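Engineer: I'll drop the sequence and a predicted model, then ask my questions.
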Amino acid sequence: LAAIHFIPYCNAHPAETFDVNVTGTQVVLEACRVKPPRTVVVASSAAVYPIYDAAAAEDAPAPGPTDVYGLTKLVNEHQLALYAQQTPSHCSAARLFNVYGPRETNPHILPEILSQVQQGQRTLKLGNIAPRRDYIFVKDIAHAFVALGQKSTHSFRAYNVGTGSEYSVDDLARRLAAVGNLELSIEIDPAKVRASDRLHLLCDNSRIAREIGWTPEYDLDRGMRELWDWAETHRAEVQLPFAPSN
């Protein structure tokens with residue numbers, strides 16, 4: 001969870017990203033060898049998947065990251081698998097889809113929208129709005145980590161952690177507008193457009209539901225309401241400059 005994970009920053013600083021994400025993970029795993037814990041859960045990412053239009057399951061399609069961040073997360077999974085071969089720990093790689101919620105420290109899409117709204121803008125200046133993503137609330141992610149830590153029985157296993165529903169940026173803006181009783185429109189800002197954005201990233205979460213018993217409690221509307229309520233009472237935090245890494 002201490003990884004550098006804002007993709008444009010990772011692509012612009014690949015050596016730093018590998019140093020933090022890969023070497024940092026190896027240092028933690030080496031420390032765990034001293035007295036192996038019963039379970040180890042590593043935060044991986046759906047960024048390990050290739051461009052793919054259907055819901056991504058853990059075994060299909062085969063991993064094929066399209067950016068530096070995804071490549072470091074795939075290496076993390078291999079690091080964990082090797083650690084699992086050499087210790088008695090039960091190890092899980094949690095492939096997180098698009099996490100959102102209070103206290104985000106990177107300029108991902110929802111923090112960007114919230115920041116602009118809190119500054120009084122009602123015409124949002126955004127980049128790619130067509131790509132659809134599987135957005136999962138941060139509390140569901142926390143519960144998934146706990147469940148994997150308590151219930152994992154495999155030597156090594158990868159698990160998708162997402163909702164199984166995908167939404168476009170336009171969907172996010174409309175739902176936030178409804179939650180905040182706002183009228184919002186979108187204007188494309190060429191400076192914010194990412195050339196590498198995939199059109200779909202959707203989770204098949206059947207493995208973690210079947211084997212661990214975890215399912216998300218938050219749908220997008222509930223998560224957006226909780227995020228909006230937090231943002232309304234923490235305006236200074238929403239408007240702070242976002243850090244490029246953790």
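Structural biologist: That came through fine.
Engineer: for the rest of this, base every contact and every neighbour count on C-alpha atoms.
Structural biologist: Noted.
Engineer: what comes into contact with stretch 199-209?
Structural biologist: Residues outside stretch 199-209 that contact it (Cα atoms under 8 Å, 6 or more residues apart in numbering) are 46, 51-58, 97, 130-134, 159-166, 214-215.
Engineer: switch to 7 Å and redo it
Structural biologist: 52-57, 130-134, 159-166, 214-215 (Cα atoms under 7 Å, 6 or more residues apart in numbering).
Engineer: what about it, start to end distance?
Structural biologist: Taking Cα to Cα, to the nearest Å, stretch 199-209 runs 26 Å from one end to the other.
Engineer: for that stretch, list every residue counted as buried.
Structural biologist: Buried residues in stretch 199-209, counting neighbours by 16 or more other Cα atoms under 10 Å, are found at 200-208.
Engineer: of all those, which two lie farthest apart?
Structural biologist: 200 and 208 (21.0 Å; Cα to Cα).
Engineer: and stretch 172-191, how far out from the chain middle?
Structural biologist: 21 Å (Cα atoms, centre = their mean, to the nearest Å).
Engineer: now it: average pLDDT?
Structural biologist: The pLDDT scores in stretch 172-191 average 90.
Engineer: pull that stretch out as PDB, backbone CA atoms only.
Structural biologist: Extracted in PDB, the C-alpha atoms of stretch 172-191 (Å, rounded to 0.1, in the frame of the first residue of the first chain):
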ATOM      1  CA  LEU A 172     -19.600   9.500 -12.200                       C
ATOM      2  CA  ALA A 173     -20.300  13.200 -12.900                       C
ATOM      3  CA  ARG A 174     -24.000  12.600 -13.200                       C
ATOM      4  CA  ARG A 175     -24.200  10.600 -10.000                       C
ATOM      5  CA  LEU A 176     -22.200  13.200  -8.100                       C
ATOM      6  CA  ALA A 177     -24.400  15.900  -9.400                       C
ATOM      7  CA  ALA A 178     -27.400  14.000  -8.100                       C
ATOM      8  CA  VAL A 179     -25.900  13.400  -4.700                       C
ATOM      9  CA  GLY A 180     -24.800  17.100  -4.300                       C
ATOM     10  CA  ASN A 181     -27.900  18.500  -6.000                       C
ATOM     11  CA  LEU A 182     -25.700  20.200  -8.600                       C
ATOM     12  CA  GLU A 183     -25.900  21.000 -12.300                       C
ATOM     13  CA  LEU A 184     -22.700  19.800 -13.800                       C
ATOM     14  CA  SER A 185     -21.400  19.700 -17.400                       C
ATOM     15  CA  ILE A 186     -18.100  18.400 -18.900                       C
ATOM     16  CA  GLU A 187     -15.600  20.100 -21.100                       C
ATOM     17  CA  ILE A 188     -12.700  18.000 -22.600                       C
ATOM     18  CA  ASP A 189      -9.300  19.500 -21.600                       C
ATOM     19  CA  PRO A 190      -6.700  18.200 -24.100                       C
ATOM     20  CA  ALA A 191      -4.000  18.500 -21.500                       C
END
